[in-house]
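Novice: whatever this is, show me its structure:
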Amino acid sequence: MSAPASQGHDRSKRPAAGEEEEDPVDQMISRTGCAGFHRAVQDCMAEFQDWRHCQQPVSDFKQCMAEYQRVRAGQAARHKPSPSGS
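Specialist: Below is the predicted model:
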């Protein structure tokens, strides 16, 4: 019995020299509208290297993400078909 063909990572889509590939997490956060809050958390952590000094930026980011999720859940509920089928 032979081993299945390897489906490794597609590395053909690498950024050109001098370009940085954007982190998928950063891309997702950008779509939420909370990227500025996330950046503030990162900046605080870079400066203090201790999350205890960064409670306000963390709280602001958490609040922004909660609001995004609340709005998104409301949109999903509006697009969900009714159980009666009408």
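Novice: packing partners of the helix or strand containing Cys44?
Specialist: Cys44 belongs to helix 35-48 when elements are defined using DSSP states H and E. The contact analysis (3 or more CB pairs under 8 Å, 6 or more residues apart in numbering; DSSP states H and E) places helix 35-48 against helix 24-32, helix 55-79. All C-beta spots, glycine's among them, are computed from the backbone N, C-alpha and C.
Novice: now the ones you listed as JSON lines including distance to Gln49 and mean neighbour count?
Specialist: Putting those into JSON lines (distance: least, CB to CB, whole Å; neighbours: other CB atoms under 10 Å) gives the following:
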{"stretch": "helix 24-32", "distance to Gln49": "20", "mean neighbour count": "12"}
{"stretch": "helix 55-79", "distance to Gln49": "14", "mean neighbour count": "12"}
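Novice: can I get those helices in TSV including mean pLDDT and distance to Ala40?
Specialist: What follows is those, written out as TSV (pLDDT from 0 to 100; distance: least, CB to CB, whole Å):
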stretch	mean pLDDT	distance to Ala40
helix 24-32	94	12
helix 55-79	94	4
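Novice: and those as JSON lines, adding distance to Val41?
Specialist: Shown next, in JSON lines, are the helices and strands packed on helix 35-48 (distance: least, CB to CB, whole Å):
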{"stretch": "helix 24-32", "distance to Val41": "10"}
{"stretch": "helix 55-79", "distance to Val41": "5"}
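Novice: nearest to Cys44, out of those?
Specialist: helix 55-79 (4.8 Å; CB to CB).
Novice: list the contacts for Phe37?
Specialist: If a contact means CB atoms under 8 Å, 6 or more residues apart in numbering, then Phe37 has 57, 60-61, 64 as its contacts.
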